[in-house]
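Engineer: Structure of the sequence below:
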Amino acid sequence: MKIKRLFMLLLSAVIILTAFPLEAVAKNAAPAKPTSLSAVTTISTVTLKWNKVSGASGYTVYNYNSKTNKYKAIKTLSKTTYKITKLSSGTTYTYAVKAYKTVKKKKNYSGYSSKLSVSTLPDKVTGLKVLGRNSNSVYLTWNKVKNALGYKFEYSTDSSFKKDVKPKSVSSNKISVSVSSSKKYYFRVYAYRTVSKKNYYSAVSSTASADAISACNITKINTSKTYQTMEGFGASACWWGHKVGGWENAQDIIKYLYSPTEGIGLNIYRYNVGTGSRDDDKMWNYWARTDGFLTDVDFESGKLTYDFSRDAEAQNSLRIAKKFAGDDLKLCLFSNSPPVQLTKNGKAYCSNNEIFNEETQQYENWGYWYYNSNLDEKNYKLYAQFESDVADYFVSQGYNVFDVSPVNEPQFEWACNREGYMGQEGCHYKPYELKKLYNEMAKKGYGKPYKFSMFEGGAAEGIDDNGNNTYFVDYVNEIFKDTLNKRYYNCISCHSYWADAHGKQQCRDYVDSLDSSLNISCTEYCQMYNDVNTGVFETCKNLQGEALNGYTIDFGVQMARIINEDLTILNATQWNWWTGVSNGIYPDGLVYINDSNHSDIKLTKRLWCLGQYSKFIKEGAKRIDVNCAQKDLNVSAFKNPDGSAVIVYVNQTQSSKKVNINAAGYSKYKLYQTTATDDLKLKSNGNFYMSSTLTVPYQSVVSVILTK
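Structural biologist: Okay, the predicted model is just below:
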């Protein structure tokens, strides 16, 4: 018993002695690692939070540098949260935390918690704005946000964004979103960064909006629906080319017509092939007398002799025009009369056709069926040879001869008065005469680089409302009775006088009834005082003197209306003004000159209004479908070979009009205008969107050029 009691006492002593150092070790041990480290971030702060560690005296927060793989202590504290301030926005930071226990003033640390990578929030998006809107899209942009990975974009028809919110994510600072054409939309955007698969969003941007575009303003083009192919725009060199070409300042005048930079960039030159009437003092308009290339005719052998050094001044005007326009200048050679050597009376106009009526004891004109032609049928072949030889000459001189037009306004009398006086050259033909003459022209035309064109009718006419043929119809019907003519001629020329829009539609319908592939060329027009369709007929009644030349914008706008009709109703492939340069008192010029003072050059608004077409619609352009909701505007549209689109507006009213253009695929625009104060002025340009509301001023012609 004594031995057993002693053993128990010894064992108790050992237990007591060994228990004391184990308790001391437990009290000095390091705490566990902190867990559940998380963070809440703002644009410049990170607030860390972690779970409390049992027995820990405090905690130390560390910033981890992934590049050096080192930790840096930034704060020691007793709480389980810590707010880090003055941080950079949109920046990634990595943190860890250790717990510690203080024993005898010594900190015993736990291991590092799991690392936590977080991001401060990106800066708020600024500069959100609508760049533009099309019928089904809105284009927006905003300022880039530093360090943003991307942007969350939201749009809705609800300004409070409480319903119907459509989100989109984009990586760039611009976006195009699909919308309904008739609604107003609101837009906002957030920048975001992604760290450890978590997105950090900035504060929301200010709201932008895009209003619905008024359907009343929309102009819509359809480039896939096309009509005629354009040859271009031009003017006649009657009767100034053979005058101005000899002047010291000829270039200063011609540049306004054919220079693409200083003028209106015409690409068609209508050269009047002279008849030899220069010395005919019975022609009271001495400017209308012309030199002729033909010097001799051997009627027995059919040999024609020429002197192509003649008409030197007129040829010089042509050379200057080509210098401005370039080698692609299209040359039309047209004749008002056959050469005087071939005519019946040796004149460049017909003999008097008046018939003395015994009953009334007066001279009378009985209509075009009673007029007499000045070209005998036996000379038809010679006249065809003459036209072909002259065309061949100009081809040999390097000109792009594309059209030879031997007959001008054949329905008219072109006869001198009873005293033998006449104002200009001209020749009447009956329909059956032209059928035979054009047969000879067609024979000469085959194999040539140019084409003979059919007669230039004095008006665009068709079958009238009563079902009756007009002069124009009589001529075409008769000419096309000839098989060769029908096979050779693919274009009918007409002048834009006398016919209103209804008459022009009748003309187009008639031509289509013959052959819808037949082209119509509008080869002459000016604003004659007695043509009620000019739009300035009443205006001219109140004008006197030089004002009758029609320098002002009202004359230009009304001319543009005629151009619009001819291009959209007749589907004209070319359009030409009568005389590019005039020296008289009559609204027939684009530029006016003074025979006694060559430096006295006056420009009309007609010049610049024509330039709204000729400067921008290029050869080879196709007219395209256009629908303009502004019914007070005349509008036509074209697609150029380079893909650009041109829309020309004519505003005849006294109020400005707003337009929004719906044209998919185009990104840039330029707007040029001619008004009472502007001459083909570049008024605005920039990025193109349907929401770009453009202004067509009152009494103006405006061209909008769209590019991709």
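
Engineer: Show the residue spans covered by the strands in the stretch 351-500 of the chain.
Structural biologist: 355-357, 362-364, 400-405, 451-452, 456-457, 491-495 (DSSP state E, counting those that start in this stretch).

Engineer: Tell me which of these lies nearest to residue 476.
Structural biologist: Closest to residue 476 of the strands of the stretch 351-500 of the chain is strand 491-495 (Cβ to Cβ; 6.4 Å). For every residue, glycine as well, the C-beta is placed using N, CA and C.

Engineer: chain center to that closest one, what's the gap?
Structural biologist: 27 Å (Cα atoms, centre = their mean, to the nearest Å).

Engineer: Relative to that strand, what are the paired strands and their orientations?
Structural biologist: strand 456-457 (parallel), strand 519-524 (parallel) (DSSP bridges).

Engineer: where does this protein have its least confident helix or strand?
Structural biologist: Across the helices and strands of the chain, mean confidence by mean pLDDT, DSSP states H and E is lowest for helix 2-28: a mean of 53.

Engineer: Mind giving me the packing neighbours of whatever helix or strand comes next after it?
Structural biologist: Moving toward the C-terminus from helix 2-28, the first helix or strand encountered (DSSP states H and E) is strand 38-41. For strand 38-41, the packing partners by 3 or more Cβ pairs under 8 Å, 6 or more residues apart in numbering; DSSP states H and E come out as strand 46-49, strand 116-119.

Engineer: Please repeat the previous calculation with a cut-off of 10 Å.
Structural biologist: If contacts are counted by 3 or more Cβ pairs under 10 Å, 6 or more residues apart in numbering; DSSP states H and E, strand 38-41 sits against strand 46-49, strand 81-84, strand 92-103, strand 116-119, strand 198-201.

Engineer: Put together TSV for the ones you listed, with mean pLDDT and mean neighbour count on each row.
Structural biologist: Below are the helices and strands packed on strand 38-41 laid out as TSV (pLDDT from 0 to 100; neighbours: other Cβ atoms under 10 Å):
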stretch	mean pLDDT	mean neighbour count
strand 46-49	98	18
strand 81-84	98	16
strand 92-103	96	20
strand 116-119	97	20
strand 198-201	96	16
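
Engineer: Now render these as JSON lines, adding distance to residue 395.
Structural biologist: Output for the helices and strands packed on strand 38-41, formatted as JSON lines (distance: least, Cβ to Cβ, whole Å):
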{"stretch": "strand 46-49", "distance to residue 395": "84"}
{"stretch": "strand 81-84", "distance to residue 395": "87"}
{"stretch": "strand 92-103", "distance to residue 395": "76"}
{"stretch": "strand 116-119", "distance to residue 395": "76"}
{"stretch": "strand 198-201", "distance to residue 395": "73"}
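
Engineer: Where do the strands of the stretch 51-200 of the chain begin and end?
Structural biologist: Assigned by DSSP E, counting those that start in this stretch, the strands in the stretch 51-200 of the chain fall at 58-65, 70-77, 81-84, 92-103, 106-109, 116-119, 129-133, 137-141, 150-156, 166-170, 174-178, 185-195, 198-201.

Engineer: Now do the third one: everything it contacts.
Structural biologist: Contacts made with strand 81-84 from outside it, assessed by Cβ atoms under 10 Å, 6 or more residues apart in numbering, are listed as 38-42, 44-50, 59-61, 63, 74-76, 93, 95, 97, 118, 120.

Engineer: change it to 7 Å
Structural biologist: Residues from elsewhere that reach strand 81-84 (Cβ atoms under 7 Å, 6 or more residues apart in numbering): 45, 46, 47, 48, 49, 61, 75.

Engineer: which residues touch the last one?
Structural biologist: What it means is residue 75. Taking Cβ under 7 Å, 6+ apart, one finds 61, 82 in contact with residue 75.

Engineer: ok, what's across the strand from it?
Structural biologist: residue 61.

Engineer: just the second one next, same as before
Structural biologist: When bridges are assigned using DSSP bridges, the partners listed for residue 46 are residue 41, residue 84.

Engineer: wait, it sits on residue 118?
Structural biologist: Yes: checked against Cβ atoms under 7 Å, the pair residue 46 and residue 118 is within contact range at 5.8 Å.

Engineer: Give the residues shared as contacts by the two.
Structural biologist: With Cβ under 7 Å, 6+ apart, residue 46 and residue 118 have common neighbours 39, 93.

Engineer: pLDDT weak spots in the chain?
Structural biologist: 1-28, 135, 366-369 (pLDDT under 70).

Engineer: how about the helices in it?
Structural biologist: In the chain, the segments counted as helices under DSSP state H are 2-28, 241-244, 250-258, 312-325, 380-396, 431-445, 471-479, 483-488, 501-514, 537-541, 553-568, 605-614.

Engineer: quick revisit: out of the strands of the stretch 51-200 of the chain, nearest to residue 382?
Structural biologist: Here strand 129-133 is closest among the strands of the stretch 51-200 of the chain (Cβ to Cβ), at 64.2 Å.

Engineer: contacting residues around the closest one?
Structural biologist: 138, 139, 140, 141, 208, 210, 213, 687, 689, 690, 691, 692.

Engineer: Neighbouring strands - and their directions - for it?
Structural biologist: For strand 129-133, pairing defined by DSSP bridges yields strand 137-141 (antiparallel).

Engineer: Would you mind listing the buried residues in the strand it pairs with?
Structural biologist: With burial defined by 16 or more other Cβ atoms under 10 Å, the residues of strand 137-141 counted as buried are 137, 138, 139, 140.

Engineer: Can you add distance to residue 529 and give these back as a markdown table?
Structural biologist: Compiled in a markdown table, these are given as follows (distance: Cβ to Cβ, whole Å):
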| residue | distance to residue 529 |
| --- | --- |
| 137 | 51 |
| 138 | 53 |
| 139 | 52 |
| 140 | 56 |
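
Engineer: From those, pick the one nearest residue 510.
Structural biologist: Nearest to residue 510, judged by Cβ to Cβ, of these is residue 137 at 43.9 Å.

Engineer: separation between the closest residue to residue 384 other than its chain neighbours and residue 389?
Structural biologist: Using Cβ to Cβ, 6 or more residues apart in numbering and skipping residues adjacent in sequence, the residue nearest residue 384 is residue 440, 4.0 Å away. From residue 440 over to residue 389 the distance is 14 Å, taken as Cβ to Cβ, to the nearest Å.

Engineer: do residue 420 as well
Structural biologist: Applying Cβ to Cβ, the value for residue 420 to residue 389 is 31 Å.

Engineer: Going along the chain, name the strands of the stretch 601-708 of the chain.
Structural biologist: Counting by DSSP E, counting those that start in this stretch, the strands of the stretch 601-708 of the chain are 602-603, 622-628, 633-639, 645-651, 657-662, 668-674, 681-687, 694-696, 700-707.
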